[in-house]
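Colleague: Build the 3D model from these lines:
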Amino acid sequence: MRVNVLSKTETSKIIDSLRTNWPFDSIPKIKTLKVYEAEKNKLLLKAENFVAVRVDEDLIPFVGKEDLLRHFPFVTVDMKAVKFVCNGANIMRPGITAFQFFKKNSIVVIKDESHLKALSVGIALESSEDAAPKNRGCVICNIHYVGDKLWEVYKEIKD
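Modeller: The predicted model follows:
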């Protein structure tokens, strides 16, 4: 695994990008970021109280940071869908039991309906308003989930 500390300029660019795409109050003050490369096009970005992941071009919050995830809208899925979500499956409309409001292309957290624990983070393929009345179809593209390569990298470096 490769580890790099980003320059202040690179860190600043990433923070500026986050401020335009994430809820304003979700980003703490960050001086420098460490980057852990999990595999090609999968990076874990870590600062003192902040962890995010970059998968291809998507920069999303780390699924294990509940204090960061609370700033994002979420859907709950029934317990039968949990094992599929935790294996990387996209979130299909029949498995969703409850929606919070979200727009198309926004970051959405997926939680189980029993314990409300975060299972994954994805990108909405359509808005909650459009998806709610439907009975089928893919609603959220699963980008990062519990047990994936980035999750394992975090477990290795966790301090």
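
Colleague: Any buried residues in stretch 121-140, and which?
Modeller: Residues of stretch 121-140 classed as buried by neighbour count (16 or more other C-beta atoms under 10 Å): Val121, Gly122, Ile123, Ala124, Leu125, Glu126, Ser127, Ser128, Ala131, Val139, Ile140. C-beta: built from backbone N, CA, C; applies to glycine.

Colleague: Take those and lay them out in CSV including distance to Asn49 and pLDDT.
Modeller: Shown next, in CSV, are those (distance: C-beta to C-beta, whole Å; pLDDT from 0 to 100):
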residue, distance to Asn49, pLDDT
Val121, 18, 97
Gly122, 23, 97
Ile123, 24, 97
Ala124, 26, 97
Leu125, 31, 97
Glu126, 33, 97
Ser127, 31, 97
Ser128, 29, 96
Ala131, 33, 95
Val139, 31, 97
Ile140, 26, 98
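
Colleague: Looking at those residues, which is nearest Lys155?
Modeller: Nearest to Lys155 among the buried residues of stretch 121-140 is Val121, at 16.9 Å by C-beta to C-beta.

Colleague: The closest one: what's it in contact with?
Modeller: Val121 sits next to 60-63, 69, 72, 107-110, 143-145 when contact means C-beta atoms under 8 Å, 6 or more residues apart in numbering.

Colleague: The spatially most central residue of the chain in helix, strand or coil?
Modeller: In the chain, the residue lying closest to the centroid (C-alpha atoms, centre = their mean) is Val121, at 3.2 Å. The three-state label given to Val121 by DSSP: H, G, I helix; E, B strand; the rest coil is strand.

Colleague: All the strands of the chain, residue numbers only.
Modeller: Per DSSP state E, the chain carries strands over the ranges 2-5, 34-39, 42-47, 50-55, 58-61, 74-77, 91-92, 96-99, 107-112, 118-124, 138-145.

Colleague: where does the chain dip in pLDDT?
Modeller: 159 (pLDDT under 70).

Colleague: can you rerun that using 80?
Modeller: Applying pLDDT under 80 to the chain picks out residues 1, 24-25, 158-159.

Colleague: list the buried ones in the lengthiest helix in the chain?
Modeller: Across the chain, the longest stretch assigned as helix under DSSP state H is helix 8-21. Residues Thr11, Ile14, Ile15, Leu18 are the ones in helix 8-21 that count as buried (16+ other C-beta under 10 Å).
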